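*Asks:* Would you be able to build a 3D model of this:
(one chain, ligands or ions: 2)
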Amino acid sequence: MIRVILTDIEGTTSSIRFVHEVLFPYSAEHMAEFVREYHDDDVEVREQLKAISDSTGVAMDDVDGLVEVLQQWIKDDRKETPLKALQGMLWEQGYQHGHFHGHVYPDAAHYLKVWSERGLRLYVYSSGSVKAQKLIFGFSEEGDLTPCFSGYFDTRVGAKREPEAYQAIIEELGVDPKTVLFLSDVEAELEAAEAVGIRTAWLVREGEAPEGGRPAMSNFDDVDTLLRECFPL
Ligand SMILES: CSCCC(=O)C(=O)COP(=O)(O)O
Ligand SMILES: [Mg+2]
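*Replies:* Ligands and ions are numbered 1, 2, ... in the order given. Predicted coordinates:
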């Protein structure tokens with residue numbers, strides 16, 4: 001029986017296109033001015049810049065150097081925790097000023113509400129920071145979906161392709177892994193979750209799933225069918 005749904009965001013609840021064509025370009029465009037504005041005084045920003053400085057050797061007072069590292073990480077889609085934390089802070093301004101709304105597929109929004117009303121506990125696990133997760137669901141095109149969720153996990157718990165991260169999530173939730181269904185579009189993430197006994201469903205939102213692989217779900221209607229047929233309440 002499934003009691004907990006743990007979901008990825010990009011490619012699962014939300015389109016890859018929104019993340020890569022709206023969120024990432026917005027962060028690339030505003031990163032330099034954001035870092036310059038908050039570099040000296042904002043404790044949270046300084047903490048992230050210090051982590052970048054420590055891991056790359058770029059000096060803390062070399063603002064241009066730090067921005068260059070961040071821009072390269074954005075280009076390379078690196079899931080570095082300090083980059084993700086800074087992007088979350090920066091996107092907050094974009095959402096609050098109405099520059100964009102979070103993309104959530106209508107079927108995902110629908111079933112997030114249905115499942116939470118059905119008594120399932122819903123959690124997010126994304127490489128985007130917890131702040132960014134709350135923003136995409138809080139300012140979504142489908143309205144404020146944050147009441148559906150019981151909690152959020154980001155890369156501070158570990159990398160999404162490492163079984164240890166899923167083990168840490170299970171321990172934090174205090175649940176049997178067999179009662180958790182993890183949704184993701186990335187098979188390596190599903191394999192990492194399965195390594196600790198979590199059940200999984202593979203979302204393939206765009207195009208055809210390769211033949212001969214694991215069963216693919218094209219939307220959350222398929223996930224709901226799986227839930228009701230394989231794991232009835
Ligand atoms: C929380 S919205 C931004 C998503 C993001 O920054 C990202 O890297 C996507 O990672 P995911 O683990 O959701 O595929
Ligand atoms: Mg994903």
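*Asks:* ok, now how distant is residue 132 from ligand 2?
*Replies:* 13 Å (CB to the ion, to the nearest Å). Using the backbone N, CA and C atoms, a C-beta is placed for each residue, glycine as well.
*Asks:* swap that for residue 80, sorry
*Replies:* In terms of CB to the ion, residue 80 sits 16 Å off from ligand 2.
*Asks:* And residue 232, by the same measure?
*Replies:* Residue 232 is 27 Å from ligand 2, by CB to the ion.
*Asks:* Test my guess that that residue contacts residue 2.
*Replies:* No: if you go by CB atoms under 8 Å, residue 232 and residue 2 don't touch, sitting 9.3 Å apart.
*Asks:* who has more neighbours, the two?
*Replies:* residue 2 (17 against 8; other CB atoms under 10 Å).
*Asks:* Show me what from the protein comes close to ligand 2.
*Replies:* Residues of the chain lying close to ligand 2 (CB under 5 Å from the ion) are 8, 10, 11, 185.
*Asks:* ok, 6 Å please
*Replies:* Contact residues (CB under 6 Å from the ion) of the chain with ligand 2: 8, 10, 11, 12, 184, 185, 186.
*Asks:* In three-state terms, label the residue lying farthest from the centre of the chain for me.
*Replies:* Farthest-out residue of the chain from its mean C-alpha position, per CA atoms, centre = their mean: residue 61, at 30.7 Å. Following DSSP: H, G, I helix; E, B strand; the rest coil, the label given to residue 61 is coil.
*Asks:* Could you tell me the end-to-end distance of stretch 209-221?
*Replies:* 17 Å (CA to CA, to the nearest Å).
*Asks:* For it, buried residues please.
*Replies:* Buried residues in stretch 209-221, counted by 16 or more other CB atoms under 10 Å: 216, 217, 219, 220.
*Asks:* what's the offset of it from the middle of its chain?
*Replies:* 20 Å (CA atoms, centre = their mean, to the nearest Å).
*Asks:* can you list the buried residues of stretch 209-221 in JSON lines and add pLDDT and secondary structure?
*Replies:* Listed next are these as JSON lines, based on pLDDT from 0 to 100; DSSP: H, G, I helix; E, B strand; the rest coil:
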{"residue": "216", "pLDDT": "94", "secondary structure": "strand"}
{"residue": "217", "pLDDT": "96", "secondary structure": "strand"}
{"residue": "219", "pLDDT": "97", "secondary structure": "coil"}
{"residue": "220", "pLDDT": "98", "secondary structure": "helix"}
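*Asks:* before we move on, the earlier item: which one of the residues of the chain next to ligand 2 sits closest to ligand 1?
*Replies:* residue 10 (3.3 Å; CB to the nearest ligand atom).
*Asks:* What score does the closest one have for pLDDT?
*Replies:* Residue 10 carries a pLDDT value of 97.
*Asks:* which residue packs closest to it, ignoring adjacent ones?
*Replies:* Distances taken as CB to CB, 6 or more residues apart in numbering place residue 19 nearest to residue 10, at 4.7 Å, with adjacent residues excluded.
*Asks:* With residue 187 instead?
*Replies:* residue 202 (6.4 Å).
*Asks:* Who are the contact partners of residue 175?
*Replies:* Counting by CB atoms under 8 Å, 6 or more residues apart in numbering, residue 175 touches 3, 4.
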